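Chemist: I would like to see how this sequence folds:
(one chain, ligands or ions: 1)
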Amino acid sequence: MADGSPLSLLDLTRDDLGALVEQWGFKRVHAGKVWRHLYLHGRNDWETIYGLPKELANRLANETSAELLPVTRETRSSDGFTRKYLLGLPDQHQIETVLMRYSGRVTACVSSQVGCAMGCVFCATGQMGYTRHLTTAEIVAQAMHVDRVLRATAAEAPALAESDHDSPHHRHERLRNIVLMGMGEPLHNYDAVIKATKVLRDPGGLALGAKKITLSTVGVVPGIIRLADERQPIYLAVSLHAATQEHRAAIVPVARKWPLDELMRACGYYAEKMQRRIFFEWTLIEGENDRPEDAHAVGRLLQTVPGQVNLIPLNPTSGYEGLPSDQTAARRFQSILAGYGLPSTVRQRRGIDIAAGCGQLAVAGP
Ligand code: SF4
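Modeler: Next comes the predicted model:
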């Protein structure tokens, strides 16, 4: 690599790895063995792979790396459902990755950038500002870290009473769900993010289903159109938070660049081209966007775009004074949306006591 660090295998798709192996003068079939060893077995002791030429194992060991990111700190929520990992990057920056347990499933919330340029007023990452994009390897490494944690700690998972899938059945647990909702705006780092989703979906490796990966954007219009044009099979969530241009621009500054009507046109294009609905995220802030008129405005706005609204009571951050809406306001909002035929959920809050909830991820600089 130009900066002197070894090539990270986590930066490569399986095709890229095949091309590298061929370029080194070995048969492409060996790439599949290396890939399985890395992603299925979580190992990088290449010399132990049966039938792998010794010279290839040596070159991999000497010229590439497949290291995950070191854990600087792990924090566990008091209810045991959420773990937040502070992971170190080679340039001394740090990012956060969250493992969340909901009834019957485990989800990794993965970061795509160090900081974020979008500046949403209620978000701790936005309050940090933007530092840099993550590489594909740094995104993949976060998912692999959570997968390893799940494998290693399956037996000690908390006993959840909500579903038969929970408690003792964690024994063979693997990562199955990813949300690109951690630090950063994934569509601002499109190429690295989409390549990472290809690596994660590869059936010979982690084999995550495309429908189990959700990319969340605050409204980067060109990225939404590109997802549709390229028919990227992952799911899309769009953070709305306000249903008029003026209101939205006040809490989501990027709306000044891509106004609401342009965003809704892009969403309509996406839904039509992909023949699927979009998840619309709505952070419920008391008195700010949780009034009946706000719910009616959402109902009218989403009449032409097939969608589902995920309501997320605001999670506290030090840089924003707003308060979360209470249960009554959330239920009232839901019932108004239902009147417009719009399905909605109120997101279970997870990890608030360790600042691992939506909009709470932030770390100090190096
Ligand atoms: S909510 Fe998302 S897009 Fe907005 S500042 Fe935070 S990380 Fe960036």
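Chemist: burial of residue 59, as a residue count?
Modeler: Other residues near residue 59 come to 17 when the count uses other C-beta atoms under 10 Å. Yep, even glycine has a C-beta here, placed from its N, CA and C like the rest.
Chemist: count of neighbours near the closest residue to the ligand within the stretch 101-250 of the chain?
Modeler: Closest to the ligand within the stretch 101-250 of the chain is residue 126: 2.6 Å, counting by C-beta to the nearest ligand atom. Residue 126: 27 surrounding residues under other C-beta under 10 Å.
Chemist: just to check, it is in contact with residue 118?
Modeler: Yes. The pair residue 126 / residue 118 is scored as a contact, 5.8 Å apart, by C-beta atoms under 8 Å.
Chemist: for residue 311, helix, strand, or coil?
Modeler: What DSSP: H, G, I helix; E, B strand; the rest coil gives for residue 311 is strand.
Chemist: okay, it: pLDDT?
Modeler: Note for residue 311: predicted pLDDT of 96.
Chemist: burial measure for it, as a count.
Modeler: Number of residues near residue 311 (other C-beta under 10 Å) recorded here: 23.
Chemist: likewise for the one 3 residues further on?
Modeler: Other residues near residue 314 number 23, with proximity taken as other C-beta under 10 Å.
Chemist: pLDDT wise, what is it at?
Modeler: 90.
Chemist: how much space between it and the ligand?
Modeler: Counting by C-beta to the nearest ligand atom, to the nearest Å, the gap from residue 314 to the ligand is 11 Å.
Chemist: may I see the buried residues of the helix or strand hosting residue 17?
Modeler: For residue 17, the host element (DSSP states H and E) is helix 14-23. For helix 14-23, the neighbour count (16 or more other C-beta atoms under 10 Å) marks 14, 16, 17, 18, 20, 21 as buried.
Chemist: tell me, what residue is most central in this protein?
Modeler: residue 180 (1.5 Å; C-alpha atoms, centre = their mean).
Chemist: picking up where we left off before, tabulate the CA atom coordinates of the helix holding residue 17 in PDB.
Modeler: This file holds the C-alpha atoms of helix 14-23, laid out as PDB (Å, rounded to 0.1, in the frame of the first residue of the first chain):
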ATOM      1  CA  ARG A  14     -13.900 -12.400  -3.000                       C
ATOM      2  CA  ASP A  15     -13.400 -11.500  -6.700                       C
ATOM      3  CA  ASP A  16     -10.700  -9.000  -5.700                       C
ATOM      4  CA  LEU A  17      -9.000 -11.700  -3.600                       C
ATOM      5  CA  GLY A  18      -9.200 -14.200  -6.500                       C
ATOM      6  CA  ALA A  19      -7.600 -11.600  -8.800                       C
ATOM      7  CA  LEU A  20      -4.800 -11.000  -6.200                       C
ATOM      8  CA  VAL A  21      -4.100 -14.700  -5.900                       C
ATOM      9  CA  GLU A  22      -4.000 -15.100  -9.700                       C
ATOM     10  CA  GLN A  23      -1.700 -12.000 -10.000                       C
END
